[in-house]
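Chemist: got a structure for you, letters missing:
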């Protein structure tokens with residue numbers, strides 16, 4: 001991503017061009033020529049002065065003084081490397097420094113910048129040559145750039161050029177930048193749009209973009225201007241057909257000069273996830289049907305696509321739930337019709353059942369309440385068997401009442417009402433009437449007691465059905481359990497009473513072991529609902545093995561390994577549970593029976609969890625029976641003051 005503004009980049013380029021021009025010009029023009037001429041003249045003058053002075057010393061024969069003067073000069077002047085006095089046609093008279101190393105004979109005996117030779121006269125004739133070897137005046141590139149004035153000159157020029165160029169380019173680009181040409185009202189209107197908008201020229205380069213496009217690209221406007229729109233990270237539509245060729249709508253708009261609307265493309269910014277955009281490209285035409293530019297509008301539909309996908313999933317789940325609700329409603333309607341026909345004479349029960357039906361139908365219309373209806377049906381079904389048995393027993397008892405005989409007795413007594421005493425004491429048929437009435441009274445008393453007992457049990461079971469529904473609605477509203485003082489032995493006995501007629505009819509042995517003193521605060525009907533499910537499952541597990549004698553063991557007591565908990569155990573000798581089924585036993589819709597629905601144990605586990613307890617199952621394998629253990633926390637019942 002370009003992190004520098006165009007004005008800064010252009011200013012740096014101008015500085016580079018200026019410095020390059022200075023270096024090339026300095027190389028071609030040779031700016032140091034005047035300096036070298038001045039140095040050559042100074043060295044020539046010095047050499048001629050020394051030649052005159054040394055000529056005087058040589059003429060006076062002061063050779064030692066001459067040699068000392070040469071040495072002092074070499075030691076004082078750092079520019080001199082070596083000196084010597086060469087007698088013409090003879091040997092060197094005086095040598096100071098490593099003259100053999102530094103001295104190079106000038107061509108045609110002419111002095112150079114580094115090697116000066118001046119004649120020394122004696123008696124008006126050349127006697128010797130003064131040879132002086134100077135250090136070179138030019139510096140190495142490293143010394144020149146590190147110690148010379150040239151780098152400082154270049155640095156000053158570069159800084160001044162950069163400041164001037166930056167000021168000029170900033171002012172120029174202020175008029176060249178299309179975003180600055182746009183009136184503030186128009187630019188503000190573009191920036192206020194939620195869609196990303198970019199204006200590109202005929203080559204596809206961006207000449208204007210609003211803030212939404214800058215946020216989408218995670219780049220400032222200065223970095224976007226001039227870039228080709230096709231150079232961003234575009235991808236084919238993630239939800240569309242896979243295509244190897246990616247066609248850009250703005251290029252098609254330039255080519256065909258027509259509006260390209262609603263083209264879906266994927267846009268991947270430098271940071272963040274892939275966006276799905278609906279791109280609309282509108283060509284801007286001038287006279288002659290010539291494309292002047294393209295206005296590209298990008299509408300982000302990522303959230304819309306995500307919402308549509310969620311909506312499709314919700315619709316699918318809703319359809320599945322609706323089919324389940326319809327099936328459960330059909331079952332519920334059948335159960336209600338059957339129960340209404342069986343207990344039609346009890347108006348109060350009919351009203352409660354209609355109320356239950358209304359509540360269940362209202363709940364079943366809401367998405368996600370299919371499980372509530374399933375749980376209610378399952379728990380109600382566990383009680384309906386006992387209700388059917390009680391109704392059947394009551395109906396048979398009523399049928400045994402000799403209503404016809406009573407009518408016959410009434411007719412006989414009516415016929416002999418004028419001689420009733422004689423008829424009852426003397427007549428053979430009349431004397432049997434008192435004893436028959438006594439026997440009839442005993443029979444009716446027994447039938448009445450039987451019917452009353454069955455009706456009490458029927459009322460209790462119907463009340464349990466109502467409580468099952470109320471508690472299920474209570475749980476569906478996520479409310480707290482309804483605590484009340486409970487004797488846990490009575491709860492287990494009530495659960496057993498619902499299924500006892502069937503168990504007795506099958507001839508199963510029932511073993512009960514209860515801690516009669518164990519009481520506490522608990523939700524009675526939720527606990528009863530769990531135990532009814534467990535006893536019902538135990539009964540069906542034993543019915544699956546009809547050729548084997550069975551025993552049902554029910555135990556209630558304090559959990560020795562869990563202080564503060566009461567433990568309910570339901571132990572059967574039925575078909576047992578395979579080891580691979582145990583981990584999934586309490587999963588919704590899982591069942592090992594062909595006629596099962598996988599609702600009872602799941603709802604019982606949820607109810608136990610809602611009460612703060614646990615529900616576990618153990619089995620040694622198929623045919624070895626099973627044990628279900630319900631542990632619930634016990635809150636002590638406060639004694640009345």
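Modeler: Good, I have the coordinates. The model shown is predicted, which means the values in this text are computed figures rather than measured ones. Numbers count the residues shown, from 1 in each chain.
Chemist: C-alpha only now, for contacts and for neighbours.
Modeler: Will do.
Chemist: how many other residues sit next to residue 349?
Modeler: 18 (other C-alpha atoms under 10 Å).
Chemist: where does the stretch 451-600 of the chain dip in pLDDT?
Modeler: The model of the stretch 451-600 of the chain has pLDDT under 70 over residues 451-481, 594-598.
Chemist: how about the helices in it?
Modeler: Along the stretch 451-600 of the chain, counting by DSSP state H, counting those that start in this stretch, helices occupy 488-506, 524-543, 600-610.
Chemist: with the stretch 251-400 of the chain instead?
Modeler: Counting by DSSP H, counting those that start in this stretch, the helices of the stretch 251-400 of the chain are 302-342, 347-365, 370-399.
Chemist: where's the spatially most central residue of the chain relative to residue 233, distance?
Modeler: In the chain, the residue lying closest to the centroid (C-alpha atoms, centre = their mean) is residue 273, at 12.0 Å. According to C-alpha to C-alpha, to the nearest Å, residue 273 stands 12 Å off from residue 233.
Chemist: average model confidence for the strand or helix carrying residue 421?
Modeler: Assigned by DSSP states H and E, residue 421 belongs to helix 420-425. Taken as a whole, helix 420-425 has a mean pLDDT of 71.
Chemist: which secondary structure elements does it sit against?
Modeler: helix 428-476 (3 or more C-alpha pairs under 8 Å, 6 or more residues apart in numbering; DSSP states H and E).
Chemist: where among the helices of the stretch 251-400 of the chain is average confidence lowest?
Modeler: For these, mean pLDDT drops lowest on helix 370-399, to a mean of 58.
Chemist: which residues does the residue lying closest to residue 571 once chain neighbours are set aside contact?
Modeler: Excluding the flanking residues, the one nearest residue 571 by C-alpha to C-alpha, 6 or more residues apart in numbering is residue 627, at 4.5 Å. Shown in contact with residue 627 (C-alpha atoms under 8 Å, 6 or more residues apart in numbering): 569, 570, 571, 572, 617, 618, 619.
Chemist: residue 627 is in what secondary structure piece?
Modeler: Going by DSSP H and E, residue 627 is in strand 626-633.
Chemist: that strand: how far from the chain's middle?
Modeler: 39 Å (C-alpha atoms, centre = their mean, to the nearest Å).
Chemist: partner strands of that strand, parallel or antiparallel?
Modeler: Sheet partners assigned to strand 626-633 using DSSP bridges are listed as strand 565-572 (antiparallel), strand 614-618 (antiparallel).
Chemist: quick one: residues contacting residue 492.
Modeler: By C-alpha under 8 Å, 6+ apart, the neighbours of residue 492 are 528, 531, 554, 556.
Chemist: which of those residues lies closest to residue 509?
Modeler: The closest of the contacts of residue 492 to residue 509 turns out to be residue 554 (C-alpha to C-alpha; 11.1 Å).
Chemist: who does that closest one form a beta bridge with?
Modeler: Here residue 554, judged by DSSP bridges, has bridge partners residue 512, residue 570.
Chemist: can you pull out the strands in the stretch 151-300 of the chain?
Modeler: With strands called from DSSP state E, counting those that start in this stretch, the stretch 151-300 of the chain shows them at 196-200, 206-209, 234-236, 260-267, 275-286, 290-300.
Chemist: wait, residue 530 touches residue 609, no?
Modeler: No: if you go by C-alpha atoms under 8 Å, residue 530 and residue 609 don't touch, sitting 11.2 Å apart.
Chemist: need phi/psi at residue 81.
Modeler: phi -90, psi -40 (degrees, to the nearest 10).
Chemist: who touches it in this structure?
Modeler: Per C-alpha under 8 Å, 6+ apart, neighbours of residue 81: 74, 97, 98, 99, 102, 132, 133, 134, 135.
Chemist: nearest to residue 224, out of the helices of the stretch 451-600 of the chain?
Modeler: Of the helices of the stretch 451-600 of the chain, nearest to residue 224 by C-alpha to C-alpha is helix 600-610, at 58.9 Å.
Chemist: helices and strands around the closest one, which ones?
Modeler: helix 370-399, helix 524-543, strand 614-618.
Chemist: out of the strands paired with strand 626-633, nearest to residue 297?
Modeler: Short answer: strand 614-618, nearest of the strands paired with strand 626-633 by C-alpha to C-alpha, at 59.7 Å.
Chemist: helices of the stretch 101-250 of the chain, start to end?
Modeler: Taking DSSP H, counting those that start in this stretch to define them, one finds helices in the stretch 101-250 of the chain at 141-147, 149-176, 178-181, 184-192, 211-217, 221-224, 249-256.
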